[in-house]
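Trainee: pasted the sequence and its predicted model underneath.
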2 protein chains.
Amino acid sequence: MERLPKRQRHQELSRLIEENPFLTDRELTRLLKVSIQTIRLDRLELAIPELRERLKMMAERSYDPVRSLPLHEVIGEIVDLQLDKSGISLFEIREEHVFSRSGIARGHHVFAQANSLAVAVINDEIALTASADIRFIRPARLGEKCIAKAYVRSSGSQKGKAKVEVFTYVGDEMVFQGNFVVYRSRAAGGMESEGGDARENRD
Amino acid sequence: MERLPKRQRHQELSRLIEENPFLTDRELTRLLKVSIQTIRLDRLELAIPELRERLKMMAERSYDPVRSLPLHEVIGEIVDLQLDKSGISLFEIREEHVFSRSGIARGHHVFAQANSLAVAVINDEIALTASADIRFIRPARLGEKCIAKAYVRSSGSQKGKAKVEVFTYVGDEMVFQGNFVVYRSRAAGGMESEGGDARENRD
DNA sequence: TTCATATTGATACCTGGTGCCAAATATGGA
DNA sequence: TCCATATTTGGCACCAGGTATCAATATGAA
């Protein structure tokens, strides 16, 4: 029965569309040397939508305000949080975080994870980084999972500044260490801000 | 002649499509209470492409590997660069960078601009942030344009560590100040990396 | 009224498909 | 070899969301 050619074509078709979603069925006929009906049967079996649907999905994804604003979110996934005490977050170094030629993470991403966590761990309506003293112990590389641990060293309880120490590890190797001073305020005091902010660090 | 209704409709049409590019002409007829031909004449005059073209453009923009990985790029636009001496970059605080309730920029974005610039200003194949001592003088707010100025204080010429001082201003107010220590290396020395990286900070 | 601009209608045609049915063409096994 | 099944191809009607073009009406100002 030799089903392989068909399966191979399916693989090839999937690959082609994945690497260039802008291909029409007609263009695919030229690439795969089969009729346009076959292409369409194949797409049907593989549940690959037509060109226009693919473009629409891409447009929607890029238009989705949540997805299109990844920077807005807390960097890293917070897996443990004891307010005013400690917190842990995970962050995987992906393609978009590294220098492409070396696979080493750009420093601000590692910093962003630590900073997000330092702010999140403070139990107050407003929490803003005031200053930080940081060290990149060794580079974090593509694919590595960074575990950041934050400890509140002096909270000042209700107002003023809190000191938060953050250590980031890959496995048992420390890659980053930082001492953060975080402004905290329940009302519109401290710095020049108003509105509750600390809460949105926990979303 | 009362041309206003037409111009108003044009304005309204532009606004509607801008805020929802997924509208078909037929949906627009319902919103603007004119015939579909009028909608199409209007689009023609305003040079607004048809729905499918709009979706395709959006898909292409989001598919562009450079644009689709905004985190990968240097944060901020580098407007002046004298290698091993100084550099200036611009960065506008946008919706996606702030705490939504207060409109204050998350610290790591301001840091990212400074860090990107500190690394970019180093004229070497590899440049990685080793440590930094930073202060957030006052919060940067939505809509503000941050101007970061970096000065290389001690370059160590060929290898080792360089000190870079970065000051970020909004207008003439300083919002951030940081002292960066940047590893530099032409070969695979210094830290544990290889491959040329400094070059890609200038792309 | 008359003239110019705006708007609407109508029709043919386009791309990139879907859906369905039938025919042609492998392909493999008894 | 022949048959059954799988696979591929062809053909036709139809669809959305348009473009292009020509004609028919408003509408409003001089």
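Mentor: In hand now; what should we look at? Numbering: from 1, shown residues only, chains lettered A, B, ... in the order given.
Trainee: for the strand ranked longest in chain A, what is the average pLDDT?
Mentor: Ranked by number of residues, the top strand in chain A under DSSP state E is strand A:173-185. When pLDDT is averaged along strand A:173-185, the result is 94.
Trainee: could you pull up the residues touching the residue nearest to residue A:107 when sequence neighbours are not counted?
Mentor: Spatially, and ignoring its direct neighbours in sequence, residue A:107 is nearest to residue B:129 (3.6 Å; C-beta to C-beta, 6 or more residues apart in numbering or on different chains). C-beta here means a position set from N, CA and C on the backbone, and glycine is covered the same way. Contacts for residue B:129 were tallied using C-beta atoms under 8 Å, 6 or more residues apart in numbering or on different chains; they are A:107, A:136, B:115, B:118-119, B:180-183.
Trainee: what does the longest helix belonging to chain A contact?
Mentor: Criterion DSSP state H: the longest helix present in chain A is helix A:4-19. With contact meaning C-beta under 8 Å, 6+ apart, helix A:4-19 is reached by A:23, A:28, A:31-32, A:34, A:39, A:42-43, A:45-46, A:48, A:54.
Trainee: rewinding a little: list the buried residues of the longest strand of chain A.
Mentor: A:175-185 (16 or more other C-beta atoms under 10 Å in any protein chain shown).
Trainee: DNA strand C contacts on chain A?
Mentor: Counting by C-beta under 7 Å from any atom of the strand, the residues of chain A lying close to DNA strand C are A:1-2, A:5, A:24-26, A:37, A:40, A:43-44, A:49-52.
Trainee: of those, grab the buried ones for ChimeraX.
Mentor: Only the buried entries of those go into this ChimeraX selection, using 16+ other C-beta under 10 Å:
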select /A:25,43,51
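Trainee: and the residues of chain A next to DNA strand C, which of them are in helices?
Mentor: Among these, the ones falling in helices (DSSP H) are A:5, A:25-26, A:37, A:40, A:43-44, A:51-52.
Trainee: how about those residues in a markdown table, adding pLDDT?
Mentor: Shown next, in a markdown table, are those (pLDDT from 0 to 100):
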| residue | pLDDT |
| --- | --- |
| A:5 | 77 |
| A:25 | 95 |
| A:26 | 93 |
| A:37 | 93 |
| A:40 | 94 |
| A:43 | 93 |
| A:44 | 91 |
| A:51 | 95 |
| A:52 | 94 |
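Trainee: what about the strands in chain A?
Mentor: For chain A, the strands defined by DSSP E occupy A:77-82, A:86-92, A:126-136, A:145-154, A:160-170, A:173-185.
Trainee: which one of those is the most hemmed in?
Mentor: Neighbour counts (mean count of other C-beta atoms under 10 Å in any protein chain shown) averaged over each of those peak at strand A:126-136, with a mean of 23.
Trainee: tilt between that strand and strand B:173-185?
Mentor: Taking axes from the mean of the first three to the mean of the last three C-alpha atoms, to 10 degrees, one finds that strand A:126-136 is oriented at 20 degrees with respect to strand B:173-185.
Trainee: any weak-confidence spans in chain A?
Mentor: A:1-4, A:64-74, A:155-159, A:186-203 (pLDDT under 70).
Trainee: show me it divided up by domain.
Mentor: Per the record, chain A has its domains at A:4-63, A:74-202, by automatic domain parsing.
Trainee: out of the ones you listed, nearest to DNA strand D?
Mentor: domain A:4-63 (3.3 Å; C-beta to the nearest atom of the strand).
Trainee: near DNA strand D at all, the closest one?
Mentor: Yes: judged by C-beta under 7 Å from any atom of the strand, domain A:4-63 comes into contact with DNA strand D at A:5-6, A:9, A:34-35, A:37-38, A:41-42.
Trainee: write the ChimeraX selection for whichever of these are buried.
Mentor: Filtering the residues of domain A:4-63 next to DNA strand D down to the buried ones (16+ other C-beta under 10 Å) takes a single ChimeraX command:
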select /A:9,34,38,42
